[in-house]
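Colleague: just coords:
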Ligand code: CTP
């Protein structure tokens, strides 16, 4: 979503994560938003007003009463002339101040004076985050309608401690901002939708596995698009290098068997979308130790067995979701094969990809690339979509799912 014309008031609190706020400003402006920044005194110990001002291309506001500041627009105007307030990093102190209505500096005064929504991206030491006082403040703020993104788990920059307290990444904060400013109706609110994405890895021995070229881009984009329409999305992802989509609950798995268990444990659901390129076969039993080359014996013969078909399992399940969508990657007889899969797997529609020759594999192809050309195959017939970006395929598919769910009797 473009943030064109949107005005963000960013409040930078004092914490080591303040450096990430610089990237956040850049990312927001890249998407067309204007970013005005308020920095607390503590924030200025970590990053300078010079860098912040250069990136935001605006005056940086720091003082509550600054009679000499020719740019002074006053705290009321500052907080009202914005579409959304973002606090990143939100320190324990800023949270405490707002939870208790303090207004003794520009940041806390602006937060108290605003009539706009507020998003907080907390960042602090894990002990501070889990302290009963901070937990109480967070609960109060949530009750007051303040939205939160993160914190995530991870290593703390300033100590050797690991735990919950690391600020969400700038792109995750941007996604949360987009979701909050998204005025479109939420036709999938209250619907639980399972999505599978990415490849699976089937072990041969402790160091080797069988994989495929799926990047997870299409499945992750679909999960994000469904979440934007308000769905409670449960993504089950095989090993991918891309980030978990914002606003989605993601479970990470390696093998087809793990993916099947994860998906079935998420039933019942209103819909399920199977985008993962699940390995059709796995080794009958993975070797416990690394398989060694033995002179004169040649390569080992791998005994393969078939993996469970996760889509077919759910398509014929007693808890079958009202809407089941599969994908088909074909190199020949695209429609014929997709129609056969529709019946065999118990799907309501199949999104068919042509992975033959030039449209196929690699950075510019369907598998691994950013674009896709699909056909939607259902009992009602075949609908051809023109070639488009994977994000656009995802948005159109999410809209189609929303339309179908309105008419499906669950
Ligand atoms: N799928 C699945 N579990 C499997 C294999 C596939 O859930 N073990 C799902 C995929 O996520 C996709 C659809 O089934 O939605 C089609 O997968 P595809 O690999 O194209 O079909 P196959 O059943 O493997 O058929 P074939 O190998 O004959 O093309």
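Modeller: Yep, it's here. Keep in mind the model is a prediction, meaning the values are calculated, not measured.
Colleague: from now on I want contacts and neighbour counts done on CA atoms only, so please keep to that.
Modeller: OK.
Colleague: which residue ranges of the stretch 251-400 of the chain form helices?
Modeller: Assigned by DSSP state H, counting those that start in this stretch, the stretch 251-400 of the chain shows helices spanning 256-265, 310-315, 334-345, 390-407.
Colleague: for the ligand, which of the ones you listed is the nearest?
Modeller: Among the helices of the stretch 251-400 of the chain, the nearest to the ligand by CA to the nearest ligand atom is helix 310-315 (3.7 Å).
Colleague: re earlier: dump the helices of the stretch 251-400 of the chain to TSV, plus mean neighbour count.
Modeller: Below are those laid out as TSV (neighbours: other CA atoms under 10 Å):
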stretch	mean neighbour count
helix 256-265	18
helix 310-315	21
helix 334-345	18
helix 390-407	17
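Colleague: per the record, what domains does the protein have?
Modeller: Listed domain ranges for the chain are 1-183, 186-410 (source: automatic domain parsing).
Colleague: up against the ligand, what does the chain have?
Modeller: Within the chain, the residues that sit near the ligand (CA under 6 Å from any ligand atom) are 274-278, 280, 307-311, 326-329.
Colleague: circling back to that earlier point, so can I have CSV of the domains of the chain showing mean pLDDT?
Modeller: Output for the domains of the chain, formatted as CSV (pLDDT from 0 to 100):
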stretch, mean pLDDT
domain 1-183, 91
domain 186-410, 91
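Colleague: and of the helices of the stretch 251-400 of the chain, who's closest to residue 168?
Modeller: helix 390-407 (22.5 Å; CA to CA).
Colleague: could I get the helices of the stretch 251-400 of the chain as JSON lines with distance to residue 138?
Modeller: Shown next, in JSON lines, are the helices of the stretch 251-400 of the chain (distance: least, CA to CA, whole Å):
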{"stretch": "helix 256-265", "distance to residue 138": "31"}
{"stretch": "helix 310-315", "distance to residue 138": "39"}
{"stretch": "helix 334-345", "distance to residue 138": "46"}
{"stretch": "helix 390-407", "distance to residue 138": "33"}
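Colleague: now the stretch 101-250 of the chain against the ligand: closest residue?
Modeller: residue 196 (6.8 Å).
Colleague: helix or strand for that residue, which one?
Modeller: strand 192-197 (DSSP states H and E).
Colleague: separation between residue 16 and the ligand?
Modeller: Note on residue 16: its distance to the ligand, by CA to the nearest ligand atom, to the nearest Å, is 42 Å.
Colleague: what residues are up against residue 395?
Modeller: When contacts are counted by CA atoms under 8 Å, 6 or more residues apart in numbering, residue 395 touches 222, 225, 226.
Colleague: surely the second one is in a strand?
Modeller: No. Counting by DSSP: H, G, I helix; E, B strand; the rest coil, residue 225 falls outside a strand, being helix.
Colleague: after whichever strand or helix holds residue 218, next one along is what?
Modeller: Assessed by DSSP H and E, residue 218 sits inside helix 217-228. Counting by DSSP H and E, the next helix or strand C-terminal to helix 217-228 is strand 232-237.
Colleague: check which helices and strands that next one is in contact with.
Modeller: Applying 3 or more CA pairs under 8 Å, 6 or more residues apart in numbering; DSSP states H and E, we find strand 232-237 packed against strand 192-197, helix 217-228, strand 249-252, helix 256-265.
Colleague: neighbours of residue 3, how many?
Modeller: Number of residues near residue 3 (other CA atoms under 10 Å) recorded here: 19.
Colleague: what do you get for residue 24?
Modeller: For residue 24, the neighbour count with other CA under 10 Å is 22.
Colleague: which residues touch it?
Modeller: Going by CA under 8 Å, 6+ apart, residue 24 touches 170, 171, 173, 174.
Colleague: out of those, which is most surrounded?
Modeller: For the contacts of residue 24, neighbours tallied by other CA under 10 Å; top is residue 173, 25 neighbours.
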